[in-house]
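Participant: I would like to see how this sequence folds:
(one chain, ligands or ions: 1)
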Amino acid sequence: MRGRCGHQAKKRAAWAAATDVVFVAACMPRISPARAALSDAAAAENKTQAVHRWVPWIAGYSADFVRDALDAYLPLRRRAEALVLDPFAGVATTLVEALKAGCDAVGYDVNAWPVLAARAKLQCVDVPPERFGAEIAEFRTALAQFEVEVDRRWAADGDDGIAEVMRHHGLARPPAFRSRIPLFGAPVEAKFLFALGRLAVLPSPDQLLFRAALGASLIAVSNYSYEPSLSTRPSAGKALVRNASVVLPLGQKLQEMLADCVWASERYGPVWRGRRREVQHRSYFTSDLAPGSVALLLTSPPYMNNYHYVRNTRPQLHWLDLLSRPGELREYEEANFGKFWQTVRQAPAIAACFDLPPLQALIERLRGLSAEKGPYGGPGWANYVTSYFNDTGRLLATMRPQLAPGAAAIIVVGNSIIQGIEFQVDQLLAELAPAYGLRVEEVRIVRTKRVGNSIIGSSVRNGSSPGPKMQLYDAAVILRG
Ligand SMILES: C[S@@+](CC[C@H](N)C(=O)[O-])C[C@H]1O[C@@H](n2cnc3c(N)ncnc32)[C@H](O)[C@@H]1O
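Facilitator: The predicted structure is shown next:
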């Protein structure tokens, strides 16, 4: 066993061998009928809500869910003084709603693309709408003219014509970006790079909003799609995008953002401008928030489903020039909560830094499954699950001192099924919490039909023998400091 926690491993292995435990956490009350209902956590409805709709994000939760949580766990009279924290902020669903409720809002994210999107949202009241409108009009005109030139050259001379346009305008694709097939068709690439180049002259924070719009529109005009992981369009049964307008979807997105900026400025401008509103681009595990400063923590860390945020955001990170040094993506992977199966499967058995015998027994069972496949069998998956719960412990240890006395922490997680073994992450998290000085108030199911249900029949999920079907769900674990 490697790592600091190796001394517990023997004890654990013996315990696991002596028992064939299927973990059922029975002690936590799952639903409290006395409390106000929390909305379904599904994020799909964010697509229709002002500001939230700017940039879609995988595995976020809904703004309605956040509003309900604020209402239930942060009394109105305390909001003016309250700091709401989201350690895994994504595209700022929590932070935007916290500001709307009149609170300070602080978030963290390791990935520069959601950080950019989140900052654009938090700064939307700082963009004078008239100036933004004029910039959009000018930008659309310039890009539309460029598109006419590109389409003409493409029709006349194909790729050679586009190469000449690129040379003439000094456009170059990001040198470090690699993909299985070209990210863009040649004319789309020229249009996208021209649009990006135009942003350099814009003032701050207007430029941030334009960049968020470009990042949000990028995949729709590319040869890739989210299914929900990033894959080539042909592998998802879709045709390549040989040529397309960039100005049309982008112009539409910018108009939508302008309308939301007007709305947000009129409704919230003076309040937001006086509030603390920030997203720090770093791992929450390095957070130095003052002890006792957080009135409510509301978050959803990456789920134990191995969704590879870093790989899935490579196009935005490279093409919006968000990477500043070689090896940065690797650093993101290392810092990501729970790690990724791809980065831990090869390692010697990773030691658990938590003391929860039923979980340790489950992990040992997993380790023994298809052991002959090594990193691709139980041993690789056991490393992944162990890393995930090691980071769960780090989360609890980091947040505990930051919570004000009695403050609530609401952590939304999903269960996971690996090689036929169900990990009830909500129940396990609740079992771990008391060891970090946190009281478990409730574990509440907030969604029973999660995206990804279709993959629980796969061999990774269910192992080689089909067995009974298990359901994926989301649950809010409600803790108190
Ligand atoms: C499930 S998403 C959060 C979505 C968010 N609730 C929303 O609605 O937009 C999890 C986020 O955690 C981020 N993340 C992963 N590891 C992190 C770490 N160690 N510190 C901060 N953020 C991290 C990922 O980049 C991802 O954006």
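
Participant: So what's the residue count around Arg119?
Facilitator: Residue neighbour count, defined by other CB atoms under 10 Å, stands at 23 for Arg119. Bear in mind the C-beta positions are built from the backbone N, C-alpha and C, glycine included.

Participant: and if you look at Gln145?
Facilitator: Gln145 has 12 neighbours, counted by other CB under 10 Å.

Participant: any idea which element it lies in?
Facilitator: Element membership for Gln145 (DSSP states H and E) is helix 129-169.

Participant: which strands and helices sit next to that helix?
Facilitator: Counting contacts by 3 or more CB pairs under 8 Å, 6 or more residues apart in numbering; DSSP states H and E, helix 129-169 is packed against helix 186-198, helix 206-218, helix 247-273.

Participant: residues in contact with the second one?
Facilitator: Defining contact as CB atoms under 8 Å, 6 or more residues apart in numbering, one finds that helix 206-218 is touched by 54-56, 113, 116-117, 119-121, 123-124, 127, 131-132, 135, 139, 192, 195-196, 199-200, 202, 246, 249-250, 253-254, 257, 261, 315-316, 319-320.

Participant: Narrow the residues you listed to those that are buried.
Facilitator: Buried members of the contacts of helix 206-218, scored by 16 or more other CB atoms under 10 Å, are 54-56, 113, 116-117, 119-121, 123-124, 127, 132, 135, 139, 192, 195-196, 199, 202, 246, 249-250, 253-254, 257, 261, 315-316, 319-320.

Participant: circling back: between the helix holding Gln145 and helix 247-273, what angle do the directions make?
Facilitator: Per axes from the mean of the first three to the mean of the last three CA atoms, to 10 degrees, the angle that helix 129-169 makes with helix 247-273 is 140 degrees.

Participant: Now do the residue nearest to Glu227 when sequence neighbours are not counted against the ligand, distance only.
Facilitator: Leaving aside its sequence neighbours, Glu227 sits nearest to Ala236 (CB to CB, 6 or more residues apart in numbering; 5.0 Å). Ala236 sits 22 Å away from the ligand, going by CB to the nearest ligand atom, to the nearest Å.

Participant: How about Ala50?
Facilitator: 15 Å.

Participant: go on, Ala435?
Facilitator: Using CB to the nearest ligand atom, Ala435 is found at 21 Å from the ligand.

Participant: so what's Asp104 scoring on pLDDT?
Facilitator: You'll see Asp104 listed with a pLDDT of 98.

Participant: restrict the contacts of helix 206-218 to those near the ligand?
Facilitator: By CB under 6 Å from any ligand atom, no member of the contacts of helix 206-218 lies near the ligand.

Participant: Next, count neighbours for the residue nearest to Glu227.
Facilitator: A count of nearby residues for Ala236, using other CB under 10 Å, gives 12.

Participant: Ok, Gly406 next?
Facilitator: Residues near Gly406, counting by other CB under 10 Å, number 9.

Participant: so it is in which element?
Facilitator: For Gly406, the host element (DSSP H and E) is strand 403-414.

Participant: chain center to that strand, what's the gap?
Facilitator: The gap between where strand 403-414 is centred and where its chain is centred comes out at 19 Å by CA atoms, centre = their mean, to the nearest Å.

Participant: what comes into contact with stretch 314-324?
Facilitator: By CB under 8 Å, 6+ apart, stretch 314-324 touches 111-113, 116, 173-174, 176-177, 179, 183, 192, 196, 211, 214-215, 218-219, 222, 224, 230, 329.

Participant: Do me a favour and average the pLDDT over that stretch.
Facilitator: On average, stretch 314-324 scores 96.

Participant: gap between that stretch and the chain center?
Facilitator: Distance of stretch 314-324 from the chain centroid (CA atoms, centre = their mean) equals 16 Å.

Participant: What's the end-to-end length of that stretch?
Facilitator: Distance across stretch 314-324, first residue to last, is 13 Å (CA to CA, to the nearest Å).

Participant: likewise stretch 364-376?
Facilitator: Using CA to CA, the two ends of stretch 364-376 sit 16 Å apart.

Participant: For it, which residues meet the burial criterion?
Facilitator: Judged by neighbour count using 16+ other CB under 10 Å, the buried positions of stretch 364-376 are 364-367, 369-370.

Participant: now those residues in JSON lines, with pLDDT?
Facilitator: JSON lines is the format used below for the buried residues of stretch 364-376 (pLDDT from 0 to 100):
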{"residue": "Glu364", "pLDDT": "97"}
{"residue": "Arg365", "pLDDT": "97"}
{"residue": "Leu366", "pLDDT": "97"}
{"residue": "Arg367", "pLDDT": "97"}
{"residue": "Leu369", "pLDDT": "96"}
{"residue": "Ser370", "pLDDT": "95"}
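
Participant: where's Leu396, which helix or strand?
Facilitator: helix 378-399.
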